[in-house]
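Student: From the sequence below, what's the structure:
(2 chains)
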Amino acid sequence: MKTKSILATGVLASASMLLSACGGGESTGIEPKEMADALHSVMEADRTVYTRLIVNRLVKEEKVIKASEHWKDEQALVLPAQMFRYGAERVAEKGAAFSYSLLSSWPVNKQNKPKTDVEVKGLKFIEENPGKNFYGEEKLGDTTYFTAVYPDVAVAPACVSCHNGHKDTPRTDFKIGDVMGGVVIRIPVKS
Amino acid sequence: MQLTGDDKTVFLPGETTHGHHQIEMACAACHTDPLGGGEVLQEACMNCHGAELKVADDSHPKSKFTDPRNADRVAKLDARQCITCHTEHRPEITNAMGVTVSDDVCYVCHSDIADDRPSHAGMEFDTCASAGCHNFHDNRGLYEDFLIKHLHEPANLASQSVPATSEKSVLLSLAHYPIDRYPARKLSLKERDAPVSVRDDAKIAHDWFDTAHSEAGVNCTACHEVTDETSNVSWIDNPDYTVCLTCHKQQVEGFLAGKHGMRLAQDLSPMTPAMAKIPMHKDAANKELNCVSCHKAHRFDTQYASVDACLGCHTDEHSKQYKGSPHFTLWQKELNGTGKPNSGISCATCHLPASETKVGDKLYVHSQHNQNDNLRPNEKMLRSVCMSCHGLEFAIDALADRDLINTNFNGKPGIHVESLDLAEKRKREADKRGVEGM
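Tutor: From the prediction side, this is the model:
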């Protein structure tokens, strides 16, 4: 893994700035794993904040608004998973080299079930090893990716009640603290 | 290849689709760079169709397919590019709506749909998008929770009226409206400012005086005087759409985006019925389409523009049957005062429906002048039109019934689309499991 370098130079520049700000010193590059971990820490923080401060508070505690997949029609809050996906789509539209998605072995939306071998293996690993991440490499199309899978945990009561109660969920016994799925981050690398 | 010369017919690689044939001589509308490949074409597609796809909440946006986890799917069907499914100039493989892949293309990605939806086991993949249940892009009126919300509605809703367009005062308050040049004040006949040489026509004078333009302080020269690059002001007898655009921006932009005005938008001669690929009256063949061809200069009669203007050219089966339809009866009732306001259904009610545009912080409801906006697939009409008066199930069935469309909805649907039944069945099963949602 040490020999891999990241293809995306724009991302590289901002990521290495991030590194030197943390005292990374004279680094000439950044390892894909470090970059994925850094990206994930931002994603996870934003996702938790949105769920706790917006969705859980307004929907479950103060009960002033609903959260709905059809937020436009229902004049409701965007679901946490949609918030995450719309962010990922914007990143993709801007032409960033890395990409990310939110998957689960028990998906409400069947398009979110693991598909590639690394996704299947990675999700299984994070479900069986709470607190651990999974790192792998895969070739999709013509490109080789460093692929990281991070546990997505039920951080608020809203996560659990909404999923357990959804008509399309294949699993109805999620509890607070459970790994509900995983965040998958892909960074293209030279193979 | 020279794409900027005069006669480019020889360069046409094959007959152009219904959607683009009008502008096929404006090669550069799509081939903006003669050397450009896929991305150049893609940009051209999005220039004209991008905004409507966004509004339609496109179910298959490009961003779904740029994700590397879909690389295997993209290898089979490159849904990042419009032209993968909508190739131009290939009449031999072009199906309805300009689709040039086989009708069962959904199979490429959704072959395992029956695992998720057992009710779909055994359904043929060429029926996904043709049976009235799904569309590739626009599913705003078809998604499952929407169907559930509208279960068991009566065919005719208790209250039947279509949305009203904004009061004139809203137009006058919009940012683009030149209220400083034309302060809103009723002008008198005496005040009309046409030059003496054209002042004698009493009919023109009265048409102007009796209608909205004189009401709003818009004098003759407002439309008939144009200023050229050297600031020379001159009188023109026949103002074109660019003049109307000054005030009626949303309407003219819609017109230019649709089949009536898309030639003008490309600086080609105006559309004429002779160029159309659908049935038109022979004696109308050489009428030119611009704002006043439907709106009749000086009178600007929206009632005429809503029915008789259309029927002056269109003579397909659906148009020919309109005056025998229940919708026309309602239109007549509204006009003769026995029907409530906005209860009449003209051609324009459905094909140029009231549509909301956010202008600054204002909501402006105007007639959508792109008559193609909700035309195909026709389920686009469900929410923008049909559901103002009809239950969803009845409307879905009616739109799926080609024979009924040909009679201009004179009768009941002879086809039943199962989608609401399936949605209800799944809801019942979920209710039984005690699922309630949040």
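Student: CA atoms for contacts and neighbours, from now on please.
Tutor: Fine.
Student: Stretch B:150-167: which residues count as buried?
Tutor: Buried positions in stretch B:150-167, judged by neighbour count with 16 or more other CA atoms under 10 Å in any protein chain shown: B:151, B:160, B:161, B:162, B:163, B:165, B:166.
Student: One more: stretch B:60-68?
Tutor: For stretch B:60-68, by 16+ other CA under 10 Å, it's B:61, B:62, B:63, B:64, B:65, B:66, B:67, B:68.
Student: List the residues that contact the residue most central in space within chain B.
Tutor: Geometric centre of chain B, nearest residue: residue B:373, 2.2 Å, by CA atoms, centre = their mean. By CA atoms under 8 Å, 6 or more residues apart in numbering or on different chains, residue B:373 lies in contact with residue B:258.
Student: Quickly note the distance from it to residue B:380.
Tutor: From residue B:373 across to residue B:380, the span is 8 Å (CA to CA, to the nearest Å).
Student: Equivalent analysis for residue B:367, please.
Tutor: Counting by CA to CA - residue B:367 and residue B:380 are separated by 16 Å.
Student: Mind pulling the model confidence for the closest residue in space to residue A:112 that isn't next to it in sequence?
Tutor: Leaving aside its sequence neighbours, residue A:112 sits nearest to residue A:103 (CA to CA, 6 or more residues apart in numbering or on different chains; 4.7 Å). As predicted, residue A:103 sits at a pLDDT of 98.
Student: Next, count neighbours for residue A:103.
Tutor: As a burial measure, residue A:103 scores 27 neighbours (other CA atoms under 10 Å in any protein chain shown).
Student: repeat for residue B:83
Tutor: By other CA under 10 Å, neighbour count at residue B:83 equals 16.
Student: any idea which element the residue in the stretch 201-350 of chain B positioned nearest to chain A lies in?
Tutor: At 21.6 Å from chain A, residue B:350 is the closest residue in the stretch 201-350 of chain B, using CA to the nearest CA. Secondary structure from DSSP states H and E places residue B:350 in helix B:347-351.
Student: so how far is residue A:171 from whichever residue of chain A sits closest to chain B?
Tutor: Across chain A, the shortest distance to chain B (CA to the nearest CA) belongs to residue A:165, at 4.6 Å. Computed as CA to CA, the residue A:165 to residue A:171 distance reads 9 Å.
Student: Comparing the two, which shows the higher neighbour count?
Tutor: Taking neighbours as other CA under 10 Å, residue A:165 and residue A:171 compare with residue A:165 leading, 19 against 15.
Student: what's near enough to touch the residue of the stretch 201-350 of chain B closest to chain A?
Tutor: B:381, B:385, B:386.
Student: The first one: neighbouring residues, count only.
Tutor: Residues within reach of residue B:381, counting by other CA under 10 Å, total 21.
Student: That one against residue B:371, yeah?
Tutor: No - here residue B:381 does not reach residue B:371: they are 11.3 Å apart, not a contact under CA atoms under 8 Å.
Student: Identify each buried residue in stretch B:186-195, please.
Tutor: Going by neighbour count (16+ other CA under 10 Å), the buried part of stretch B:186-195 is B:186, B:187, B:192, B:194.
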